[in-house]
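Colleague: Quick one, what's the 3D model for this:
(one chain, ligands or ions: 1)
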Amino acid sequence: MTAARLPSALRIGTRGSALALAQSGMIGEQLSALIGVPAELVTIRTEGDVNMAPLTGIGGTGVFVSAVRDALLAGEVDLVVHSLKDLPTAPAAGIALGAVPPRESPADALVARDGLTFAGLPAGATVGTGSPRRAAQIRHARPDLDIRPLRGNIDTRVGRVHSGDLDAVVLAAAGLRRIGRVDEITDDLSEVMLPAPAQGALAVECRLEDRQSAWFASALAAVDDPASRAEVTAERNLLSHLEAGCSAPVGARAVVAGPSLTLHGVVMDTEARHRFHGTVSGDAGDAARIGRRLAEQLLADGAATALTAARER
Ligand SMILES: NCc1[nH]cc(CCC(=O)O)c1CC(=O)O
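Modeller: Predicted structure coming up:
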């Protein structure tokens with residue numbers, strides 16, 4: 001495509017999971033209505049879909065991202081949609097973050113047998129999660145629980161509870177909501193843990209040069225939500241200035257209220273021996289700087305100890 005002219009169809013690159021298809025389908029419909037051409041989803045198979053080894057062992061969630069971005073750079077698609085929390089914080093050559101659509105709930109959710117809440121889980125209950133961040137915060141809140149490794153798509157994970165294999169699993173509420181399975185949630189974990197930076201938010205990426213095109217830029221601006229963008233900017237700048245990867249035990253939650261933004265962050269090691277947390281507020285226009293300031297504050301408190309301990313595992 002030459003983005004200067006309207007194409008006959010907008011090709012949107014996505015992973016093939018139910019969640020990815022739901023997310024990119026929704027963005028495709030919105031863009032299609034805006035620009036008046038049909039959107040076509042192009043499924044891209046990634047190493048993360050094929051290889052079921054723990055994510056921490058195959059290069060983190062970045063494995064899902066590279067193949068989709070390669071298709072964009074190769075001109076096979078015009079836009080790609082990702083879960084923003086799966087994107088590395090370093091910018092990718094030739095690619096722009098075209099839009100951050102209005103964010104879904106950033107909360108983590110419990111899916112437990114018999115409708116159990118987090119507080120209602122009996123001592124020794126098995127809780128599945130493959131996320132060091134979730135594991136550390138569960139350990140901190142409930143050292144009596146038995147945390148088990150967990151991978152796979154949302155269906156697989158929830159299935160481990162229905163099969164009686166695990167008492168509970170922890171998932172992003174946004175993922176369950178987007179695939180229409182919000183009824184599975186038995187508790188909201190907002191009071192128990194801070195979410196991953198950018199959890200619940202989407203990233204619509206385009207080729208850098210296509211942003212010059214007026215119709216392209218205006219379509220992207222129409223699906224962009226500045227408040228969501230400010231929140232994820234603060235959260236991801238915290239992560240990048242901690243120099244922590246996407247599987248590091250770092251939690252972050254920014255909230256925009258009117259002109260101001262408040263960012264809460266936590267850094268732990270996986271064993272939950274160390275825990276550093278703090279809050280920085282400021283002007284929402286300073287989101288990146290707020291993230292950096294909280295990172296500096298947590299590092300001054302000694303957070304590097306926790307990050308190093310987490311990396312050495
Ligand atoms: N880690 C994979 C992943 N990437 C995005 C989501 C859910 C949707 C989101 O956070 O936007 C999930 C599943 C989960 O964490 O339960």
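
Colleague: which residues sit in contact with the residue of the stretch 1-150 of the chain found nearest the ligand?
Modeller: At 3.4 Å from the ligand, residue 83 is the closest residue in the stretch 1-150 of the chain, using C-beta to the nearest ligand atom. Just so you know, the C-beta spots here come from the backbone N, C-alpha and C atoms, and that holds for glycine as well. By C-beta atoms under 8 Å, 6 or more residues apart in numbering, residue 83 lies in contact with 19-20, 23, 175, 198, 201-203.

Colleague: which one of these sits closest to residue 147?
Modeller: residue 175 (19.6 Å; C-beta to C-beta).

Colleague: packing partners for the helix or strand hosting that closest one?
Modeller: Using DSSP states H and E, residue 175 sits within helix 173-178. Packing contacts for helix 173-178, counted by 3 or more C-beta pairs under 8 Å, 6 or more residues apart in numbering; DSSP states H and E, involve helix 18-35, strand 108-112, helix 154-162.

Colleague: closest to residue 97 out of these?
Modeller: The closest of the helices and strands packed on helix 173-178 to residue 97 is helix 18-35. By C-beta to C-beta, the value is 13.4 Å.

Colleague: I'd like to know which residues of the stretch 151-300 of the chain are adjacent to the ligand.
Modeller: 171-172, 174-175, 199-200 (C-beta under 6 Å from any ligand atom).

Colleague: now the residues you listed in a markdown table, with neighbour count?
Modeller: Listed next are these as a markdown table, based on neighbours: other C-beta atoms under 10 Å:
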| residue | neighbour count |
| --- | --- |
| 171 | 23 |
| 172 | 24 |
| 174 | 25 |
| 175 | 23 |
| 199 | 27 |
| 200 | 24 |
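
Colleague: what about the nearest residue to residue 262 once chain neighbours are set aside, neighbour count?
Modeller: Counting by C-beta to C-beta, 6 or more residues apart in numbering, residue 262 lies nearest to residue 281, which is 4.4 Å off, once chain neighbours are set aside. As a burial measure, residue 281 scores 17 neighbours (other C-beta atoms under 10 Å).

Colleague: Please apply the same query to residue 212.
Modeller: The tally of other residues near residue 212 (other C-beta under 10 Å) stands at 11.

Colleague: can you list the weak-confidence ranges in the stretch 1-150 of the chain?
Modeller: 1-5, 46-62 (pLDDT under 70).

Colleague: Does the residue nearest to the spatial centre of the chain belong to a helix, a strand or coil?
Modeller: Geometric centre of the chain, nearest residue: residue 85, 2.3 Å, by C-alpha atoms, centre = their mean. Following DSSP: H, G, I helix; E, B strand; the rest coil, the label given to residue 85 is helix.

Colleague: if I read this right, it contacts residue 202, doesn't it?
Modeller: No. Residue 85 is not in contact with residue 202 according to C-beta atoms under 8 Å; the separation is 9.7 Å.

Colleague: ok, back up a step: could you give the average pLDDT over the helix holding residue 175?
Modeller: Helix 173-178 comes out with an average pLDDT of 97.

Colleague: Now tabulate the contacts of residue 83 in JSON lines and tack on distance to residue 307.
Modeller: Formatted as JSON lines, the contacts of residue 83 follow (distance: C-beta to C-beta, whole Å):
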{"residue": "19", "distance to residue 307": "28"}
{"residue": "20", "distance to residue 307": "29"}
{"residue": "23", "distance to residue 307": "30"}
{"residue": "175", "distance to residue 307": "26"}
{"residue": "198", "distance to residue 307": "18"}
{"residue": "201", "distance to residue 307": "23"}
{"residue": "202", "distance to residue 307": "27"}
{"residue": "203", "distance to residue 307": "24"}
